[in-house]
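Participant: Sequence and predicted structure are below.
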Amino acid sequence: MVFPGWEVTRVIPHDVVMGLLTGQYKLYGGVIRWAAGTENAGQIVRHLAPISSQMLGFVPGLNSVSGVINTIQIHHLSTQVGALSQATQQILHVAAGTAALSGLGLVVSCVGFATINNRLKIIDGKLKDIQKDIQAIKEFLASSERARLFAALDSLVKLEKTPVEHRGTILHQARQTLTEISVRYRELLTQATALETAMAYEEFFVLTSLAQIRCTAELRMFDVALDEVEEINQVWQIQGRRVAKEILVGEHPERFLATDFVDSASIAEVVEWLDFINEEAKGYARIDDLRRKLDETWYSKGWKPIKHSGSGLNKNVGVGLEKEQTMVIPSLKKLIARSNVFEGYVDQYHLLAAQNATPTEFEQKIRAVSESSTLDGYIILEPAQPVLAPAQQVLEPVGKTAKRQPFSRSAQTR
C-alpha cells in the first residue's frame, strides 16, 4: 500500500457530500473532517491532494470561497446516479479556491521552499512601493531579520542541488535561523495596530513559520514538527481573529449591509467573517444582530405618506470605500481562507508523521500515483478502515502517553 492506512479513490461518496452540505463535515484546506460540536469532532474523513503545485494557481471566475460553494447544485448532483464525480469536482474546486485565496498551498508538500521564497519576494516588492508613506514598513525592510531570512531561504531553495551529506547541516542551520526570525515576526504581528503593517507582519510570520516547520519535518523530527505546527496554528488563529476584528471589521460591521459592498462581499461572506472573529457559528442570525446595530427604522415617528428617496446608511465612517474594496475585504477573505488551510496543515503533518514520510517523500508518493486514479489533477485519500467514534478508538501506549490511529485527530486539539 503506497499510503499505509489510506486508500486512493476518485470520488467523494454521497454521505460525505451530504455531510458537507449539512454541516456534519467541514472542509479545511485539503482535509475533510467532522465539524466541531459533532459526535466525532476532529476525525478525518478524506484528504484531498493535488498532484502538482500548478493546481494551486488561479481559479477562473473565483472571487470568494463562499461564492464557489453552490450547495443547490451539489445537492442536485449528489442525488443523481453517476453524478457523484461532478459533485466531487465541485468540492475540489472549493478546496482549490480556498488555497488560491489563502496564498498558500492546499497541502504542506506543495508549500516548498521555492514557493515560500518566491511569495516573500513578491510581498517584499509590494512593501517597497509603500515604504515612503509608512515608517514602520521602512524600518521593517531595513531590519537584519529580513536579510537573514532571505539568506536562509536561498540555501534551502538550492538544497536539491547540494550533496546529500551536507543537506542535514543546511536544514539544521536554516531551521535555527527561521525559528528565531519567526518569533520576532510573531512579536511584530502581536503589536501591530495598522492595516498595512499587520498584514505585512502576518505574511512574513506565516511563511517563515511554515518554512521552519518544513525544515523540522524534512529532518524527520516528526514529533517536534507536530508540536510546532500546533503552536503556530494556535498563535495564528488568535492573531488572525484579532486583526480581523480590531483592524479590518472594526466597530461598524453593519456597514457591509450597504449597497457599496454588494458586489465585493456577499452576505454569506459577511456572516463567515463575523463567525470567525467571534469564534461562534451563529450563521445568518448574524444579520439580525447587524440590523439591530444599524438602528435604522423604515418608518420614522410622525410618519406621513410622502415620496422619499434618501437613505439612512450614509454615515461615512471608516477608511473609505476604495481602501475597503482593495485592502480590507481582500484581507478578510485571505484570513478566512488561511484559517481553514492552517487547520488542514495540522492534520496533514499528523498524516506525514503516521506515514513516516517527509514532505518531499510524500510529494513523491503523490506524483507516483497512476493517472487513472486521479480526478482533475487530484488524488483523494479515504481511511482504509471506518472512522470510529471517540469511545471506540484504539489507543496505543507510547511511554506515558497514548497515540491515536493515523486516520483521526482528537477533538481536544481544537
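Facilitator: Perfect, I can see it now.
Participant: All the helices of the stretch 101-250 of the chain, in order from the start?
Facilitator: Ranges of helices in the stretch 101-250 of the chain, per DSSP state H, counting those that start in this stretch, are 113-130, 135-141, 144-157, 164-191, 195-218, 222-242.
Participant: The third one vs helix 164-191, what angle?
Facilitator: Between helix 144-157 and helix 164-191, the angle comes out at 150 degrees (axes from the mean of the first three to the mean of the last three C-alpha atoms, to 10 degrees).
Participant: Return the most buried member of the helices of the stretch 101-250 of the chain.
Facilitator: helix 195-218 (a mean of 24; mean count of other C-beta atoms under 10 Å). Every residue, glycine included, has its C-beta placed from N, CA and C.
Participant: For it, enumerate the helices and strands it packs against.
Facilitator: Counting contacts by 3 or more C-beta pairs under 8 Å, 6 or more residues apart in numbering; DSSP states H and E, helix 195-218 is packed against helix 113-130, helix 135-141, helix 144-157, helix 164-191, helix 222-242, helix 329-355, helix 359-368.
Participant: Report the rounded mean pLDDT for that helix.
Facilitator: The average pLDDT within helix 195-218 is 93.
Participant: Going forward, count from 432.
Facilitator: In the new count, where the first residue is 432, that last one comes out as helix 626-649.
Participant: CA atoms only: put that helix into PDB for me.
Facilitator: Taking Å, rounded to 0.1, in the frame of the first residue of the first chain, the C-alpha atoms of helix 626-649 are listed here in PDB:
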ATOM      1  CA  LEU A 626      -3.700  47.600   8.400                       C
ATOM      2  CA  GLU A 627      -0.700  47.700   6.200                       C
ATOM      3  CA  THR A 628       1.800  46.700   8.900                       C
ATOM      4  CA  ALA A 629      -0.400  44.000  10.400                       C
ATOM      5  CA  MET A 630      -0.900  42.300   7.000                       C
ATOM      6  CA  ALA A 631       2.800  42.500   6.200                       C
ATOM      7  CA  TYR A 632       3.900  41.000   9.500                       C
ATOM      8  CA  GLU A 633       1.200  38.300   9.200                       C
ATOM      9  CA  GLU A 634       2.500  37.300   5.800                       C
ATOM     10  CA  PHE A 635       6.100  37.100   6.900                       C
ATOM     11  CA  PHE A 636       5.200  35.300  10.200                       C
ATOM     12  CA  VAL A 637       3.100  32.700   8.300                       C
ATOM     13  CA  LEU A 638       5.700  31.900   5.600                       C
ATOM     14  CA  THR A 639       8.700  32.000   7.900                       C
ATOM     15  CA  SER A 640       6.900  29.600  10.300                       C
ATOM     16  CA  LEU A 641       5.900  27.200   7.500                       C
ATOM     17  CA  ALA A 642       9.400  27.100   6.200                       C
ATOM     18  CA  GLN A 643      10.700  26.400   9.800                       C
ATOM     19  CA  ILE A 644       8.200  23.500  10.300                       C
ATOM     20  CA  ARG A 645       9.000  22.100   6.900                       C
ATOM     21  CA  CYS A 646      12.800  22.000   7.800                       C
ATOM     22  CA  THR A 647      11.900  20.200  11.000                       C
ATOM     23  CA  ALA A 648       9.800  17.600   9.100                       C
ATOM     24  CA  GLU A 649      12.500  17.200   6.400                       C
END
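Participant: Over to Tyr459: give its phi and psi.
Facilitator: Backbone geometry at Tyr459, expressed as degrees, to the nearest 10, gives phi -110, psi 90.
Participant: list the contacts for it?
Facilitator: 771-772, 774-775, 778 (C-beta atoms under 8 Å, 6 or more residues apart in numbering).
Participant: at 6 Å what do you get?
Facilitator: Tyr459 makes contact with 771, 774-775, according to C-beta atoms under 6 Å, 6 or more residues apart in numbering.
Participant: Redo those residues as CSV? Include pLDDT, distance to Leu721 and neighbour count.
Facilitator: What follows is the contacts of Tyr459, written out as CSV (pLDDT from 0 to 100; distance: C-beta to C-beta, whole Å; neighbours: other C-beta atoms under 10 Å):
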residue, pLDDT, distance to Leu721, neighbour count
Asn771, 91, 23, 22
Glu774, 92, 27, 21
Gly775, 92, 30, 30
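Participant: Closest one of these to Glu591?
Facilitator: Gly775 (25.6 Å; C-beta to C-beta).
Participant: Which of the helices of the stretch 532-681 of the chain sits closest to Gly436?
Facilitator: Per C-beta to C-beta, nearest to Gly436 of the helices of the stretch 532-681 of the chain: helix 653-673, 15.3 Å.
Participant: Any chance you could give me whatever helix or strand comes next after the closest one in CSV, C-alpha atoms only?
Facilitator: Going down the chain from helix 653-673, the next helix or strand is helix 698-709, by DSSP states H and E. Extracted in CSV, the C-alpha atoms of helix 698-709 (Å, rounded to 0.1, in the frame of the first residue of the first chain):
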residue,chain,number,x,y,z
ILE,A,698,-23.9,38.2,2.8
ALA,A,699,-22.6,34.7,3.1
GLU,A,700,-19.0,36.1,3.4
VAL,A,701,-20.0,38.8,5.9
VAL,A,702,-21.6,36.1,8.1
GLU,A,703,-18.5,34.0,7.8
TRP,A,704,-16.3,36.9,8.8
LEU,A,705,-18.4,37.6,11.9
ASP,A,706,-18.5,33.9,12.9
PHE,A,707,-14.7,33.8,12.6
ILE,A,708,-13.9,36.9,14.7
ASN,A,709,-16.4,36.0,17.4
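Participant: now for helix 698-709, which elements pack on it?
Facilitator: With contacts defined as 3 or more C-beta pairs under 6 Å, 6 or more residues apart in numbering; DSSP states H and E, helix 698-709 has these neighbours: helix 760-786.
Participant: Would you mind listing the buried residues in the helix it packs on?
Facilitator: Neighbour-count burial for helix 760-786, counted by 16 or more other C-beta atoms under 10 Å, picks out 760, 762-786.
Participant: circling back: just put the helices and strands packed on helix 626-649 in JSON lines and tack on distance to Gly461.
Facilitator: Output for the helices and strands packed on helix 626-649, formatted as JSON lines (distance: least, C-beta to C-beta, whole Å):
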{"stretch": "helix 544-561", "distance to Gly461": "15"}
{"stretch": "helix 566-572", "distance to Gly461": "32"}
{"stretch": "helix 575-588", "distance to Gly461": "23"}
{"stretch": "helix 595-622", "distance to Gly461": "23"}
{"stretch": "helix 653-673", "distance to Gly461": "14"}
{"stretch": "helix 760-786", "distance to Gly461": "5"}
{"stretch": "helix 790-799", "distance to Gly461": "11"}
